[in-house]
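**Student:** need coordinates for the following:
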Amino acid sequence: MDSRNESNDFTITLINNSLKELYEEWKSEGLSDDEILLRVTDTKLENAIDKVTDEISSDCVEWLSNNMYDQLIDDRAYSTEFIARNERLWNRGFLASEAMYMITIESARAYSNIIAESSKKCLKDREYTYLVLHQIHGRACQQFLEILHLLKGGFADGANARWRSLYELSVISEFIRRNGEVVAKEYYKESFSDEAPKNSWAKAAPCFSSIRGKGVPFNKIQEQCSFANSAWKNQYLTANHTVHASPQGTFDRLGVPAMKDFIPVGRSDYGLAMPAINSAISLAMISADFFISVPSGDGIVYIKTISKWSDTVRKCYTEIERTCFEHQKNRIKESETSL
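**Tutor:** Residues are numbered from 1 along each chain as shown. As a prediction, this is how the structure comes out:
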């Protein structure tokens, strides 16, 4: 009961006050200190603690109900201010990403129209390849836009986690494009099943024909892709740490500037370049696979245009990060080695 050892914990203080009241009540009943100690484990004490904590939590809920609107309005104002400031800081990069999204969507629409207006002969032995790569490309475009919105919101780790999925699509896209119609058809058929082993469709490829009775690990498919060098694999590993509850993903987040001793719980303007650059390159690669699924002169132009624009995206984000965050050179260097 010594107040000198009391914690600053408000709840503990109230519980101690309740215990003091109980102590005085039992003293007034004529109980000795030894008898009071015997009652410490009594249900009455437990009820007192439950009563205090229940009253405090009820008061908290009531206070939140009465004041939540004003508190959230203030928080929204802060978020709006941050997003506006983040837009000013990374504006050229965001605009470059938005332009890439628009260029890719318009190119895909034009390419699809070309294929639709062509004779059916152009899809001979390519029907499923075109169908699957078309769907993968559409999914990639949506994920790229999701990443852009996470970047604008100041969520570098969320953007990097989303890029992980985009990278996996780029691996699957190249693998299907290189292995052709049989593999594409199996990929499509597996979309109707929830019971097939993971990536079992990949066993239709000659390189995995010896695998029996199970799926194909993603890393095995990744090894078959021409672009998946050690640098890209390291970037993918970093993204895996971000997605999973790993120590690296917990202590080495992109949104934290180097040598800063704090725990981020919200928005940050740090670390946006890496997921922005990687997502642009991944989208360009997936676009290339789609635009050559059926030979077309315009398709080749779309591939080169998007590829060149992805380089513009990279230059914009790299320059902004170098100018504004000089102390993050190591992370910039890591990002550049992946390209």
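**Student:** remind me, longest helix of the chain?
**Tutor:** helix 43-117 (DSSP state H).
**Student:** same for it, what does it pack against?
**Tutor:** Under the contact definition 3 or more CB pairs under 8 Å, 6 or more residues apart in numbering; DSSP states H and E, helix 43-117 sits against helix 10-28, helix 127-153, helix 273-291, helix 297-324. Backbone N, C-alpha and C define where each C-beta goes, glycine included.
**Student:** ok now the first one, how far from the chain's centre?
**Tutor:** Relative to its parent chain, helix 10-28 has a centroid offset of 49 Å by CA atoms, centre = their mean, to the nearest Å.
**Student:** list the buried residues of whichever helix or strand comes after it.
**Tutor:** Next along the chain after helix 10-28, taking DSSP states H and E as the criterion, comes helix 33-39. Across helix 33-39, burial judged by 16 or more other CB atoms under 10 Å covers I36.
**Student:** about what we covered before: with mean pLDDT, distance to E87 and mean neighbour count added, can I get the helices and strands packed on helix 43-117 in JSON lines?
**Tutor:** Shown next, in JSON lines, are the helices and strands packed on helix 43-117 (pLDDT from 0 to 100; distance: least, CB to CB, whole Å; neighbours: other CB atoms under 10 Å):
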{"stretch": "helix 10-28", "mean pLDDT": "76", "distance to E87": "40", "mean neighbour count": "14"}
{"stretch": "helix 127-153", "mean pLDDT": "97", "distance to E87": "7", "mean neighbour count": "20"}
{"stretch": "helix 273-291", "mean pLDDT": "97", "distance to E87": "14", "mean neighbour count": "27"}
{"stretch": "helix 297-324", "mean pLDDT": "95", "distance to E87": "12", "mean neighbour count": "17"}
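**Student:** reformat those helices as TSV; add distance to L89.
**Tutor:** Shown next, in TSV, are the helices and strands packed on helix 43-117 (distance: least, CB to CB, whole Å):
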stretch	distance to L89
helix 10-28	39
helix 127-153	11
helix 273-291	11
helix 297-324	6
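**Student:** nearest to K120, of these?
**Tutor:** When the helices and strands packed on helix 43-117 are ranked by proximity to K120, the top entry is helix 127-153, at 9.0 Å, counting by CB to CB.
**Student:** which other helices and strands contact the closest one?
**Tutor:** Applying 3+ CB pairs under 8 Å, 6+ apart, one finds that helix 127-153 contacts helix 43-117, helix 156-179, helix 181-190, helix 273-291.
**Student:** between the shortest one and helix 127-153, how many degrees?
**Tutor:** So that's helix 181-190. Calculated by axes from the mean of the first three to the mean of the last three CA atoms, to 10 degrees, helix 181-190 forms an angle of 60 degrees with helix 127-153.
**Student:** same question for helix 181-190, mean pLDDT?
**Tutor:** For helix 181-190, mean pLDDT is 95.
**Student:** ok, now the first one?
**Tutor:** Averaged across helix 43-117, the pLDDT comes to 88.
**Student:** just so I know, which of the helices and strands packed on helix 43-117 lies nearest F175?
**Tutor:** helix 273-291 (9.4 Å).
**Student:** next one: the closest one to chain centre, how far?
**Tutor:** Taking the mean of its C-alpha atoms, helix 273-291 sits 16 Å from the chain's own mean (CA atoms, centre = their mean).
**Student:** so what does that helix touch, helix or strand wise?
**Tutor:** Under the contact criterion of 3+ CB pairs under 8 Å, 6+ apart, helix 273-291 touches helix 43-117, helix 127-153, helix 156-179, helix 297-324, helix 329-337.
**Student:** same list, those helices, but as JSON lines with distance to C207 please.
**Tutor:** Output for those, formatted as JSON lines (distance: least, CB to CB, whole Å):
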{"stretch": "helix 43-117", "distance to C207": "28"}
{"stretch": "helix 127-153", "distance to C207": "17"}
{"stretch": "helix 156-179", "distance to C207": "8"}
{"stretch": "helix 297-324", "distance to C207": "25"}
{"stretch": "helix 329-337", "distance to C207": "28"}
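**Student:** between the ones you listed, which one is closest to H244.
**Tutor:** Short answer: helix 156-179, nearest of the helices and strands packed on helix 273-291 by CB to CB, at 9.4 Å.
**Student:** just the angle for that closest one relative to helix 127-153, thanks.
**Tutor:** Using the same axes, to 10 degrees: helix 156-179 against helix 127-153 is 170 degrees.
**Student:** from S58, how far out is the nearest residue in space to I49 that is not next to it in sequence?
**Tutor:** Among residues not flanking I49 along the chain, I15 sits closest, at 5.7 Å (CB to CB, 6 or more residues apart in numbering). I15 sits 16 Å away from S58, going by CB to CB, to the nearest Å.
**Student:** check G297 too.
**Tutor:** For G297, the distance to S58 - CB to CB - is 71 Å.
**Student:** again with Y101
**Tutor:** Using CB to CB, Y101 is found at 49 Å from S58.
**Student:** okay, these two: which has more neighbours?
**Tutor:** Taking neighbours as other CB atoms under 10 Å, Y101 and S58 compare with Y101 leading, 18 against 10.
**Student:** wait, that one touches A140, no?
**Tutor:** No: contact criterion CB atoms under 8 Å: Y101 and A140 do not qualify, at 10.6 Å.
**Student:** how about S293, what does it touch?
**Tutor:** Residues near S293 by CB atoms under 8 Å, 6 or more residues apart in numbering: 126, 129-130, 133-134, 177.
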